[in-house]
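Asks: Curious how this folds, go ahead:
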Amino acid sequence: MRSDRYLDWQNAGNGQGVYGAVFSVMFLSWMHVPTLVLIVGAIVGFAIGKVIGMTLLGGAGRVAQTIYAPAAAGSYAPTHSHIDAMEAKGDFKGAAAAWEAVAVSTPSDAWPLIRAGELYLRELGDTGMALDRFRHARDLPGIKPEQHRYISQKLIDLYLGPLADEGRALVELRRLIDAHPGTREAEGARAAIARIKQQRAP
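Replies: Next up is the predicted model:
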């Protein structure tokens, strides 16, 4: 499909490459350089922007891991860098399958399921698979509190967003409040419940 090809093109860093090319042309035009220099500048700007874009895409998972799975951060790069490479190349189906394989080999670790769920949600547009992976991760015994809060928010966003199930969202909001009292996330959950009730009021 055309939209799938566009997403593959965008996630390969090409969107940032276009921005880099446009910025280079604008800057060189302001300097009144010859047309040939403008063309070369656009090519160089595109290449620089593409590299930056792919670096940002690959680094997003590492930043999230530092926050939500700090214990594994030290071993992440040598162990799962091949999955980062798959994501950077736009092979999101392969990356999701690879994270699921890691989840099977480390059944007590919620992080691989979180990454798989994020790929299904953000890149593959499969909300059903994303929901399944997030719920499975949330229900793992011994899950870290910060991971549990993060996954709970993902589930709430799914129910309030693409799944359009306010009833389930309310259940998750109350569960979040009960599991993590006194946290910022619990306060946000209370505010969300109040908004939903207000919207439902006749």
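Asks: where's residue 191 relative to residue 83, distance?
Replies: 36 Å (Cβ to Cβ, to the nearest Å). In short, each C-beta sits where N, CA and C put it, glycine included.
Asks: Neighbour count: these two, which is higher?
Replies: residue 83 (25 against 11; other Cβ atoms under 10 Å).
Asks: From residue 190, how far off is the more buried one?
Replies: Separation of residue 83 from residue 190 (Cβ to Cβ) stands at 37 Å.
Asks: Using just helix, strand and coil, how would you label residue 142?
Replies: Following DSSP: H, G, I helix; E, B strand; the rest coil, the label given to residue 142 is coil.
Asks: Give me the neighbour count for it.
Replies: Neighbourhood size, residue 142 [other Cβ under 10 Å]: 7.
Asks: ok, the residue nearest to it when sequence neighbours are not counted - contacts?
Replies: Nearest non-adjacent residue to residue 142, counting by Cβ to Cβ, 6 or more residues apart in numbering: residue 108, 6.3 Å away. Residues near residue 108 by Cβ atoms under 8 Å, 6 or more residues apart in numbering: 140, 141, 142.
Asks: where's the last one relative to residue 107, distance?
Replies: With distances taken as Cβ to Cβ, residue 142 is found 11 Å from residue 107.
Asks: And for the first one?
Replies: Distance, residue 140 to residue 107, using Cβ to Cβ: 8 Å.
Asks: The two: which is more packed in?
Replies: Set residue 140 next to residue 107 and count neighbours by other Cβ under 10 Å: residue 140 wins out with 17 against 11.
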